[in-house]
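Undergrad: sequence and computational prediction follow.
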Amino acid sequence: MRFSASGLKKYQDCPLQFKFSHILRIPEPPGASPAAAKGSSIHSVIENLDLTQPTQEQVARLFEQYWTPEQFESVTQSEQDKTSACDLIETYLAWQNANHNTKIGSEKEFCFTFAGREMHGYIDRIEQAPSGEYVVIDFKSGSSKSSGITKKSIPENIQLNLYAMAIRALYGKLPERASLFYLKDNKLIDYLPTDESITAFSQSLEQMIGKILSGEFPAQPDYQRCGWCPYVDLCESRELEAVGDFTSSCL
């Protein structure tokens, strides 16, 4: 078994959902959600933009190439989301124009061993600062407000800690900074990894892997998470009543 940031985050949120997905390998319903489809297209456009002379024509061409209108409920929703996605790319380009770092990697694959297990994933962007230090950027198309991530909680973030460990494995030292860039808010939430913070994260990560390998998969029902879970019909602990109450209150 190898682990990724998304899989470990799934275990952190609900070990039983992790079991359904990664142990029993029960397929999720086909097709990405509109939000996921939009985010995937934005990532593809950013990855393939010519940063030397990006033009509106190039952005439009890339969106035509990577946009998946069949993932949206209607043509109207597809066009509205494409327009907002273009706005996010404008935010990205403005940030890029003011950025003095050099991009040295995009969608960089990594693989390293931790506690006898393989850690695997892809880093959206790796930069090198004029000082020679490394910087990691992960782009988010949603809002930072809905993520629940704060400057206080980010040192415990699974994704950025794994990325920091990957940079150390690739280049021999931790990055100076690892950031989540919320394009919708034009906001960066920075994590400054240190040997001490990585050691603390490594201890919690080793405990989490130990629980997975020992078969600890308790349900952690939550009315919002259960409402979006693809395995909700298989779960005896699901909070369907809470989901129903929440839905009714919104009608």
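TA: Looks like it arrived, so ask away.
Undergrad: quick one: low-confidence parts of the stretch 51-200 of the chain?
TA: 51-52 (pLDDT under 70).
Undergrad: mind listing the strands for it?
TA: Applying DSSP state E, counting those that start in this stretch to the stretch 51-200 of the chain gives strands spanning 102-114, 117-128, 134-140, 177-182, 187-191.
Undergrad: list the contacts of the fourth one.
TA: Read that as strand 177-182. Applying C-beta atoms under 8 Å, 6 or more residues apart in numbering, the contact partners of strand 177-182 are 95, 133, 135-140, 142-144, 147, 149, 154, 157, 159-160, 163-164, 167, 187-193. Quick note: C-beta positions are derived from backbone N, CA and C, even for glycine.
Undergrad: now the buried members of those.
TA: Neighbour-count burial (16 or more other C-beta atoms under 10 Å) applied to these gives 135-140, 144, 149, 154, 157, 159-160, 163-164, 167, 189, 191, 193.
Undergrad: in the sheet, who's paired with residue 127?
TA: In this entry, residue 127 is beta-bridged to residue 103, residue 135, by DSSP bridges.
Undergrad: that one is in contact with residue 108, isn't it?
TA: No - Residue 127 lies out of contact with residue 108 (C-beta atoms under 8 Å); the separation is 11.0 Å.
Undergrad: so where do the helices sit in this protein?
TA: 5-13, 15-18, 34-48, 56-66, 75-97, 144-147, 158-171, 195-213, 223-228, 240-250 (DSSP state H).
Undergrad: in a markdown table: those helices, plus distance to residue 119.
TA: Formatted as a markdown table, those follow (distance: least, C-beta to C-beta, whole Å):
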| stretch | distance to residue 119 |
| --- | --- |
| helix 5-13 | 8 |
| helix 15-18 | 16 |
| helix 34-48 | 21 |
| helix 56-66 | 28 |
| helix 75-97 | 28 |
| helix 144-147 | 22 |
| helix 158-171 | 6 |
| helix 195-213 | 9 |
| helix 223-228 | 24 |
| helix 240-250 | 34 |
